[in-house]
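# what's the 3D shape of this:
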Amino acid sequence: MALSASLVLRQSQSLVMTPQLMQSIQLLQMTHLELNTFIAQEVEKNPLLEFASNDGETGSEAPDAGDLYGEGPAGAEAQEPASDSGDWFDNGSAKPEQLTERLGADFENVFQDDGAERRPDAPELMSQWKSMPGGEAGESFDLDDFVAGEVTLKEHLTRQAPFVLTGPVEHLVGQHLIDQLDENGYLQGDLDETAERLGTDRTLVEATLSLLQTLDPPGVFARSLSECLAIQLAQKDRLDPAMQALLSHLELLAKRDFASLRKICGVDDEDLLDMMGEIRALNPRPGSGFQTGVSEAILPDIVVREGSDGGWLVELNPDTLPRVLVNQTYFQAVSKAAPRGSEDQAFLSECLQTANWLTRSLDQRARTILKVATEIVRQQDAFLRHGVDHLRPLNLKTVADAIKMHESTVSRVTSNKYMLTPRGLFELKYFFTVSISSAEGGDSHSAEAVRHRIRMLIERESPDAVLSDDDIVLSLKNGGVELARRTVAKYREAMNIPSSVQRRREKRALARLAAC
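Prediction:
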């Protein structure tokens, strides 16, 4: 067969990921903080974008004082009352000075004996207030500017160090040890490396560390949990040999192996319970009470509240919605001055296209979030009314099919988005749980609802009737939930709930402690 070249026209469809499409997808999964940062960068680059003002209408002048007192428009002469009748209000036509005179409200000479010239409005204090930074007189001030800053752990220890460290070498070593503390107050550095770095011996570093361990808060500069507890007990004069033995075997205490602890410590049940009570009163993280960073509250993206008709109202939180506008007036004014076909005209056209795309993308993002949230509320209506026991199993495909979108779009929308409901604040991912079959062949159960049932069963158990995993399986089956024993154990361990043997030991110990 002879080879020949030919032209063939074919029509096909393909999805092309343009840069703008990729950026629109990224906008969906951004949190409101990330979105505000992105928009601020775009506003800085694009002269046609600007943030919308929340003040409403601007440019309206304040009403004139004459209008407030019924004197007509500004600049008009005030009309004198036609007759001086005895009525004190005179049909609202009297001036403020006349009303003051008639009512006897002139307090100019009330204080006759002060001997000093009257100084209205405390000018000294007013001048101090007006001279504060933040703007001209009459502007509002942010009260956060007058709040004292919180002290960090390292600053707190640096202020105390001069009282226990005397020599300059000890000061240098102590500052290095303070810099090696973590947020919980534990020492993370190695003493040998510190001594080698500073050119001194380990003995001096250990002596400095011993002095620093006496500072406030108690337990700081510890290198392990047992040492942290030992420092606090030593300051209370309660570090006896029995307590030292208990601190050396904290792993047995975590396993609730009280029989082995009694033998190791050489104490009876009552003394062991007292020692456990003292350990519970200690602080395993002495540095947690100090500021480590800026804490930010979670702002919900969607607010759900009950409507007057018994349904649910799903709204976007206006505090998390970006307000950005395209300044068409500025574009028209500048484009007229720019020559046609010039680089300035091309730059303005590109800025206008980018600005219009951004506003459309933000609008589409808001609509998509609202659409997904509305469907989630419709699916989880029983949860909002009755609690977590009625949480339905839900997956991304169910929501995507209901709103005619792709699963990946729903997944991006539900990432790092929060919904405020009458039941509390939840991440949108919380409402998507695995389905667990029913023992009676009815509707399936949500995995989160089943975990809640397991938690409630364990919380209600008594010390004399601790439920094993098999007992929990049987109880769930009687409630219509078909679950394997290994699944119960997996859920229990995920909730940090110990086994039945450990729970029995702990509950009995607590019961004896309460009886004492």
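# for the stretch 201-350 of the chain, what spans make up the strands?
302-306, 312-316, 324-326 (DSSP state E, counting those that start in this stretch).
# roughly how far out does the shortest one sit from the chain middle?
When distances are taken as Cα atoms, centre = their mean, to the nearest Å, strand 324-326 is centred 28 Å away from the chain's centroid.
# hmm, who's touching that strand?
For strand 324-326, the external contacting residues (Cβ atoms under 8 Å, 6 or more residues apart in numbering) are 39, 42-43, 48-52, 352, 355-356, 358-359, 362. Placement of C-beta: from N, CA and C, glycine included.
# now with 10 Å, please.
Here strand 324-326 makes contact (Cβ atoms under 10 Å, 6 or more residues apart in numbering) with 36, 39-40, 42-43, 46, 48-53, 351-352, 354-356, 358-359, 362.
# could you verify my assumption that residue 487 touches residue 437?
No - Residue 487 lies out of contact with residue 437 (Cβ atoms under 10 Å); the separation is 11.5 Å.
# convert stretch 297-316 to CSV, retaining C-alpha atoms only.
What follows is stretch 297-316, C-alpha atoms only, in CSV (Å, rounded to 0.1, in the frame of the first residue of the first chain):
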residue,chain,number,x,y,z
ALA,A,297,-11.2,32.5,66.8
ILE,A,298,-12.9,30.4,64.1
LEU,A,299,-15.4,32.4,62.2
PRO,A,300,-18.2,30.3,60.6
ASP,A,301,-18.7,30.6,56.9
ILE,A,302,-22.3,29.6,57.1
VAL,A,303,-24.9,30.4,59.7
VAL,A,304,-27.9,28.1,60.2
ARG,A,305,-30.9,29.1,62.3
GLU,A,306,-34.4,28.0,62.7
GLY,A,307,-37.0,29.8,60.7
SER,A,308,-40.5,30.9,61.7
ASP,A,309,-42.1,28.2,59.5
GLY,A,310,-40.2,25.4,61.3
GLY,A,311,-37.6,25.0,58.6
TRP,A,312,-34.0,26.1,58.5
LEU,A,313,-32.5,29.3,57.2
VAL,A,314,-29.1,28.9,55.7
GLU,A,315,-27.1,32.1,55.2
LEU,A,316,-23.6,33.1,54.4
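# begin at 8 from here
Sure, I'll start numbering at 8, so the last one becomes stretch 304-323.
# which positions within it qualify as buried?
Of all the residues in stretch 304-323, those buried under the rule 16 or more other Cβ atoms under 10 Å are 307-311, 319, 321, 323.
# for those, work out which two are farthest apart.
Within the buried residues of stretch 304-323, 308 and 319 form the most distant pair, 16.0 Å apart (Cβ to Cβ).
# follow-up on the earlier one: reformat the strands of the stretch 208-357 of the chain as CSV; add mean pLDDT.
Shown next, in CSV, are the strands of the stretch 208-357 of the chain (pLDDT from 0 to 100):
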stretch, mean pLDDT
strand 309-313, 93
strand 319-323, 93
strand 331-333, 87
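# of those, which is nearest residue 408?
Here strand 319-323 is closest among the strands of the stretch 208-357 of the chain (Cβ to Cβ), at 19.2 Å.
# and the angle for that closest one with strand 309-313?
Angle, strand 319-323 to strand 309-313, by axes from the mean of the first three to the mean of the last three Cα atoms, to 10 degrees: 160 degrees.
# who's in contact with residue 197?
When contacts are counted by Cβ under 10 Å, 6+ apart, residue 197 touches 187, 203-204, 212, 230.
# among these, the buried ones, what's the ChimeraX command?
Selection of buried members from the contacts of residue 197 for ChimeraX, criterion 16+ other Cβ under 10 Å:
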select :187,212
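# what's the closest of the contacts of residue 197 to residue 410?
Residue 410 has its nearest neighbour among those in residue 187, at 53.1 Å by Cβ to Cβ.
# give me the mean pLDDT for the longest helix seen in the chain.
Assignment by DSSP state H gives helix 350-386 as the longest helix of the chain. In this model, helix 350-386 has a mean pLDDT of 90.
# having no further points to raise, I will conclude here.
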